[in-house]
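how does the following fold in three dimensions:
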Amino acid sequence: MTVGLALLRVTGVTALLVLLWNPVTTHPAPNAPPLVLLDASLSMAGYGGRWREALDSARALAQGGPIWRFGASVAPFDTLPPTDGTTALKPALVAAASRGGPIAVISDGAIDDGDQIAPDLRVAPQVVLLARGEFRDYFVASITGPHRVEASDTLRLAVVCGTAGPRARGPVRATLVARTAGRNVAAQPVTLPDSGSVAVPLALPAISLPAGWVVLDVKLEGVRDSEPRDDGRLFVVDVNAAPTTVVLAAPPDWDVRFLSRTLAALSGGPVRTFAQIRRGTSEASWVEGTTLASVSADVVRRAMRTAALVVVAGAPTPGAPITAPAMLRLAPATSAGEWYVDLPPASPLAAALAGVAWDSLPPLVGVEPEADTGAVVLTARLARRGEPQPVVALTERGGVRRATIAGAGLYRWAFRGGRNEEAYRTLMAALADWLLGAHTPQSVRATPVGLVADDGTPVRWRWSGAGTPHDLVARFRSSAGEQTDTLRFGPDGQSSVRLPPAAYAYEFDGGPERGVVAVDTASPEWPPRPPTLRAQPGRATARVETVSARDRGALFGLALAAFAAEWAWRRRSGLP
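Here you go, the predicted model:
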């Protein structure tokens with residue numbers, strides 16, 4: 001073999017070995033335009049918003065590159081006006097950082113999750129701040145109250161309203177008016193603070209409302225501001241509904257108070273609480289839990305007959321057997337001490353209670369060891385030692401469901417707030433769902449999680465029927481016409497649908513579901529808020545590109561050329 005043939009062979013083999021080894025090299029990448037994250041929340045198009053300027057800035061920074069919209073979620077770029085009722089920057093930043101390269105954020109700075117963004121991720125992007133101009137805004141922040149009342153009751157609402165923006169010279173006097181079908185049904189004078197919010201009670205007799213589902217428009221009148229869309233809020237209430245839950249307490253305590261309030265928020269139906277102050281007498285010994293007005297034993301018995309769930313706390317004597325399809329008993333605690341809840345065992349509620357940090361909850365103050373038990377849902381141990389004692393248990397006999405809470409002090413979870421309160425609500429929601437499942441018709445397949453949604457927020461639904469959740473065709477009728485949508489339930493039994501602001505009567509194809517939901521014109525995005533983002537140039541990041549040997553086509557060409565040249569040389573020389 002000649003020297004030339006040897007060189008060709010060595011060259012081809014070396015190129016093949018390098019391709020098999022496939023070494024990787026890095027080198028600085030050429031400067032590229034940043035990935036632009038554009039704030040598409042409602043505040044960008046509210047009073048003082050600078051949406052058009054934000055669009056122009058995004059195009060200029062991207063230089064033809066990618067632009068993502070962020071708000072309630074991350075979405076591809078388009079020029080349509082913002083529609084999201086929340087501003088979540090963290091998911092967009094995390095996705096952009098995983099992509100690599102420079103990042104630019106264009107926003108008015110009012111970010112909802114700014115405290116959840118890691119410090120290194122927060123300083124990485126370039127931030128272009130297009131803050132809204134200052135303006136004064138009078139708003140209604142929230143309305144809380146029962147969504148179902150009897151015609152003989154008084155509907156009591158707690159309305160939180162206030163002032164945002166530059167401080168006024170002094171308090172402002174206004175009138176809080178509740179209106180339905182163009183008719184005023186209640187009015188309450190209110191003095192708005194120069195800054196901040198105030199809670200205003202608003203009471204109206206339910207008999208002044210028409211029977212059935214009613215949409216109340218509660219609005220501030222007598223004030224003028226730059227953003228009228230948040231001057232009022234809608235509230236949906238069902239009049240003439242029998243009480244879903246009746247609470248009998250003897251004596252009432254903090255556990256009863258927190259339980260009644262939580263059940264009223266979770267069950268969606270009226271909750272009536274009666275406290276027995278004198279037992280063993282023929283006199284009227286009951287008082288209504290909200291107004292403390294004296295009621296007769298006949299009123300208590302009538303409420304019990306129509307209730308789907310009866311809660312018995314202590315040892316009341318209602319004078320008649322409890323025939324409700326579900327009962328929750330709060331057993332008096334006789335063994336005092338600090339009882340810490342353990343991880344829940346297998347039970348019908350185990351799936352609903354997953355995800356709660358049980359080891360961080362405050363201890364209970366007592367347990368009733370002799371309480372009736374069935375399927376144990378929760379246990380607790382004194383000072384985290386010794387044998388666990390049941391504190392929540394379930395039984396079902398003859399179609400009647402009963403639950404027992406044998407631990408005192410659960411209200412301390414709700415009193416602490418935060419994750420502790422969420423654990424309390426999760427436990428009570430699971431108990432209420434299981435207990436009321438015996439009363440809820442199985443033909444009702446889905447129920448709304450909330451009857452009123454803010455502008456830019458979807459109306460959420462929860463699967464409540466038997467069997468595996470499946471798609472449902474829903475029809476929504478409003479004053480603007482009728483529209484049809486499909487509720488697609490995920491594995492968690494949740495679904496949502498976006499609707500424009502209006503009051504809607506809904507129904508599902510092939511089922512008995514009927515009701516009213518509403519989408520408000522109000523949103524937390526409308527009032528002015530101080531920016532939580534600040535303009536910054538961003539952290540300079542030197543981008544590098546990695547190139548492997550197999551990414552270089554020249555090596556493949558070199559190997560082919562060397563072996564082809566060797567083969568041609570051998571043919572011409574007559575070599576094998």
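
identify the bridge partners of the residue most central in space within the chain.
The centre of the chain sits closest to residue 460, judged by Cα atoms, centre = their mean, with a distance of 9.2 Å. Beta-bridge partners of residue 460, counted by DSSP bridges, are residue 496.

give me the pLDDT for it.
We note a pLDDT of 94 for residue 460 in this prediction.

got the contact list for it?
By Cβ atoms under 8 Å, 6 or more residues apart in numbering, the contact set of residue 460 is 448, 449, 450, 453, 494, 495, 496. Where C-beta positions appear, they are placed from N, C-alpha and C, glycine not excepted.

swap in 10 Å and give it another go.
448, 449, 450, 453, 487, 494, 495, 496, 497, 517 (Cβ atoms under 10 Å, 6 or more residues apart in numbering).

okay, and for the stretch 401-550 of the chain, where does confidence drop off?
Applying pLDDT under 70 to the stretch 401-550 of the chain picks out residues 438-443, 540-545.

now do the strands in it.
Counting by DSSP state E, counting those that start in this stretch, the stretch 401-550 of the chain has strands at residues 407-408, 446-448, 452-453, 459-463, 472-478, 481-487, 494-497, 502-508, 514-519, 544-548.

in the second one, what's buried?
Across strand 446-448, burial judged by 16 or more other Cβ atoms under 10 Å covers 446, 448.

starting at the chain centroid, how far to that strand?
15 Å (Cα atoms, centre = their mean, to the nearest Å).

now for that strand, which elements pack on it?
strand 459-463, strand 502-508, strand 514-519 (3 or more Cβ pairs under 10 Å, 6 or more residues apart in numbering; DSSP states H and E).

those: which one's closest to residue 572?
Closest of those to residue 572 is strand 459-463, at 79.9 Å (criterion: Cβ to Cβ).

phi, psi for the nearest residue to residue 383 once chain neighbours are set aside please.
Spatially, and ignoring its direct neighbours in sequence, residue 383 is nearest to residue 338 (5.8 Å; Cβ to Cβ, 6 or more residues apart in numbering). Main-chain dihedrals, residue 338, degrees, to the nearest 10: phi -100, psi 100.

returning to what we had before: kindly reformat the helices and strands packed on strand 446-448 as TSV and extend each row with distance to residue 356.
Shown next, in TSV, are the helices and strands packed on strand 446-448 (distance: least, Cβ to Cβ, whole Å):
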stretch	distance to residue 356
strand 459-463	19
strand 502-508	32
strand 514-519	29
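
ok, the residue nearest to residue 383 - how many residues close by?
Residues near residue 338, counting by other Cβ atoms under 10 Å, number 15.

test my guess that it contacts residue 408.
No: in this structure, residue 338 is not within contact of residue 408 by Cβ atoms under 10 Å, at 11.8 Å.

anything in contact with each of the two?
In contact with both residue 338 and residue 408: 364, 365, 366, using Cβ under 10 Å, 6+ apart.

in JSON lines: the strands of the stretch 401-550 of the chain, plus distance to residue 36.
Putting the strands of the stretch 401-550 of the chain into JSON lines (distance: least, Cβ to Cβ, whole Å) gives the following:
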{"stretch": "strand 407-408", "distance to residue 36": "54"}
{"stretch": "strand 446-448", "distance to residue 36": "37"}
{"stretch": "strand 452-453", "distance to residue 36": "30"}
{"stretch": "strand 459-463", "distance to residue 36": "31"}
{"stretch": "strand 472-478", "distance to residue 36": "36"}
{"stretch": "strand 481-487", "distance to residue 36": "32"}
{"stretch": "strand 494-497", "distance to residue 36": "28"}
{"stretch": "strand 502-508", "distance to residue 36": "34"}
{"stretch": "strand 514-519", "distance to residue 36": "30"}
{"stretch": "strand 544-548", "distance to residue 36": "21"}
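
out of the ones you listed, which is the most enclosed?
Mean neighbour count (mean count of other Cβ atoms under 10 Å) peaks for strand 407-408 among the strands of the stretch 401-550 of the chain, with a mean of 26.

what strands flank that strand, and is each parallel or antiparallel?
For strand 407-408, using DSSP bridges, the partner strands are strand 364-367 (antiparallel).

quick one: the strands in the stretch 251-400 of the chain, in order.
271-276, 286-288, 294-295, 309-314, 326-330, 335-341, 364-367, 375-382, 389-397, 400-405.

tabulate those in a markdown table, adding columns for distance to residue 353.
Output for the strands of the stretch 251-400 of the chain, formatted as a markdown table (distance: least, Cβ to Cβ, whole Å):
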| stretch | distance to residue 353 |
| --- | --- |
| strand 271-276 | 22 |
| strand 286-288 | 33 |
| strand 294-295 | 36 |
| strand 309-314 | 19 |
| strand 326-330 | 16 |
| strand 335-341 | 10 |
| strand 364-367 | 16 |
| strand 375-382 | 8 |
| strand 389-397 | 10 |
| strand 400-405 | 14 |
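
between the ones you listed, which gets nearest to residue 528?
Comparing the strands of the stretch 251-400 of the chain under Cβ to Cβ, the one sitting nearest is strand 271-276, at 37.4 Å.

quick revisit: which of the strands of the stretch 401-550 of the chain sits closest to residue 397?
Using Cβ to Cβ, the strands of the stretch 401-550 of the chain put strand 407-408 closest to residue 397, at 22.9 Å.

what does the closest one contact?
253-255, 330-336, 339, 341, 363-368, 371, 378-380, 389-392.

quick revisit: against residue 499, how distant is the residue nearest to the centre of the chain?
12 Å (Cβ to Cβ, to the nearest Å).

so what sits against both of those two?
In contact with both residue 460 and residue 499: 453, 517, using Cβ under 10 Å, 6+ apart.

biggest helix in the protein by residues?
Using DSSP state H to define each element, the chain has its longest helix at helix 553-573.

low-confidence ranges, the stretch 201-350 of the chain, go.
241-242, 267-269, 279-284.

tell me which stretches of it form helices.
For the stretch 201-350 of the chain, the helices defined by DSSP state H, counting those that start in this stretch occupy 254-267, 297-306.

so can I have CSV of these showing distance to residue 133 and mean neighbour count?
Conversion of these to CSV gives the following (distance: least, Cβ to Cβ, whole Å; neighbours: other Cβ atoms under 10 Å):
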stretch, distance to residue 133, mean neighbour count
helix 254-267, 38, 20
helix 297-306, 54, 17
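
show me where the stretch 51-200 of the chain has helices.
Under DSSP H, counting those that start in this stretch, the stretch 51-200 of the chain gives helices at 51-62, 90-99, 119-122.

what's the closest of those helices to residue 144?
helix 90-99 (28.8 Å).

and the contacts of the closest one?
Under Cβ under 10 Å, 6+ apart, the answer for helix 90-99 is 34-39, 66, 68-75, 102-105, 111-118, 120-122, 124-125.

one more time with 7 Å, if that's ok
With contacts defined as Cβ atoms under 7 Å, 6 or more residues apart in numbering, helix 90-99 is touched by 35, 37, 68, 70, 74, 103, 113, 116, 117, 121, 124, 125.

among those, name the buried ones.
35, 37, 68, 70, 74, 103, 117, 124, 125.

just to be sure, which of those are found in strands?
35, 37, 68, 70, 74, 103 (DSSP state E).

what's the farthest-apart pair in those?
Farthest pair in those, by Cβ to Cβ: 74 and 103, 12.7 Å.
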